[in-house]
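S.K.: below are the sequence and a predicted model; questions follow.
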Amino acid sequence: MKLARIDSQPLRGKRVLLQIELPPPGHPFASYYLNECTETLDLLRERGAHVLITGHPVHTQRPESVSFSAYTDELGRRLKSTLPFFATPEDTKKAVSALEHEPAVMLDNLLHIQGEGGSAKAHVKILAEGIDFFVNEAPGTLADGYSSSVHMPELRPAFAGMRLSERVEALTELQAGKPSPSVFIMGGQDVAASIILLRKNLASMDSLIVGGIVANTALKGNALQMGSSVLDAPRQSDAFQIIERARLEECHVELPIDHMIADRISSKAKLKSSGREVPEGWMSVDVGPKTLSNYEKLLKKAGVVFMHGPLGASDVPEFRAGTIRLLKFLAKSGVRVILAGEDLCHIAIENGISFPFLFPDSRSVQRFLSGQELPALAALSPR
């Protein structure tokens, strides 16, 4: 899927509504999300557009309670100007009108406006008044179908921001197995979502690497002893079957052949290595060194790698070693890497390991790769 990008348009003097996503102020991902919108924001300003910045929160259970006011100083610093801030729904018209004389303004969290979380259009029409272009630079919230994300493209010419366009193009190529060979690394805790995603993409992937609870569940489903390891017991059979189906599709599969095991999930736990099976009273908390060596040999030949979730029990820093080692290897490999999942992306950012494609809020990428429609993305698609 290729989206129309905003840099294809004449922008001088145009009033642009730039929709972004931000976590609550002070969140570990705050700088990351600011950096992600900076390229498009800089382009708009350099080419003479007047920009209304607004959007929705991510990484919060109560998005309607978040305010973006604490971001105005940092965004203003990046713009090299004061950024007027409009805090209440009643200020919407004022914010749009302010673009007459301001290079950029910010309107607070759109979920403060009644109806934004549903299908209401009245407030979207107010937003559209005085706006020439709508730009979506919010990949994480594509799955939410917020009213402005869906209905603004009906009222004004709509475009993808620079980073959103790059991300959608990379995911589209991944679905087609490009650049080949393609490798999926499925870790983390959500076995059900992983199985759905794999079923949809097995035919196009060349290799599958499995870790985390997904691996524990698949190994247990293959009748291997996994001790007290955390796994998704009801999905043992499904996990085993998806591995077997991958092999039938001539997809190379790598499962753990050794583990780092602990007597409990705690920083005070006893930790030692184990073979492919885990003894009773112990649990797999990370992949072992032989497993990592196998993974690295396979990944040296990859054209693209999609990694979802960590390889171990990442709640405990001591159990992140395998994930960190693999991320460092991938960062040095030169291969295109797409990371998804809050825990995995946090480990990468915390350890200063940089990748061009991160999806900390992985709901949209999971749905995209699982073949589910994303209303906000569909609204941007060429008609």
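M.R.: Sure, I can see it. Here the structure is a predicted model, which is why all the values come from computation and not from measurement.
S.K.: the helices in the stretch 101-250 of the chain, which residues?
M.R.: 122-128, 147-155, 162-175, 191-201, 212-221, 236-248 (DSSP state H, counting those that start in this stretch).
S.K.: buried sites along the third one?
M.R.: Taking 16 or more other C-beta atoms under 10 Å as the basis for neighbour counts, the residues of helix 162-175 that come out buried are 162-168, 170-171, 173-175. Where C-beta positions appear, they are placed from N, C-alpha and C, glycine not excepted.
S.K.: got it, and the last one?
M.R.: For helix 236-248, a neighbour-count test (16+ other C-beta under 10 Å) marks 236, 238-240, 242-243, 246 as buried.
S.K.: pull out the buried residues from the top helix by length along the chain.
M.R.: Taking DSSP state H as the criterion, the chain has its longest helix at helix 30-46. Using 16+ other C-beta under 10 Å as the test for burial, helix 30-46 gives 30, 32-34, 36-38, 40-41, 43-45.
S.K.: let's have those residues in JSON lines, adding distance to L327 and pLDDT.
M.R.: Formatted as JSON lines, the buried residues of helix 30-46 follow (distance: C-beta to C-beta, whole Å; pLDDT from 0 to 100):
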{"residue": "A30", "distance to L327": "21", "pLDDT": "96"}
{"residue": "Y32", "distance to L327": "15", "pLDDT": "96"}
{"residue": "Y33", "distance to L327": "20", "pLDDT": "96"}
{"residue": "L34", "distance to L327": "22", "pLDDT": "97"}
{"residue": "E36", "distance to L327": "19", "pLDDT": "95"}
{"residue": "C37", "distance to L327": "24", "pLDDT": "96"}
{"residue": "T38", "distance to L327": "24", "pLDDT": "94"}
{"residue": "T40", "distance to L327": "27", "pLDDT": "97"}
{"residue": "L41", "distance to L327": "28", "pLDDT": "96"}
{"residue": "L43", "distance to L327": "30", "pLDDT": "97"}
{"residue": "L44", "distance to L327": "33", "pLDDT": "97"}
{"residue": "R45", "distance to L327": "34", "pLDDT": "96"}
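S.K.: could you dump the residues you listed to CSV with distance to I126?
M.R.: Output for the buried residues of helix 30-46, formatted as CSV (distance: C-beta to C-beta, whole Å):
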residue, distance to I126
A30, 29
Y32, 31
Y33, 26
L34, 27
E36, 27
C37, 23
T38, 28
T40, 23
L41, 23
L43, 26
L44, 21
R45, 24
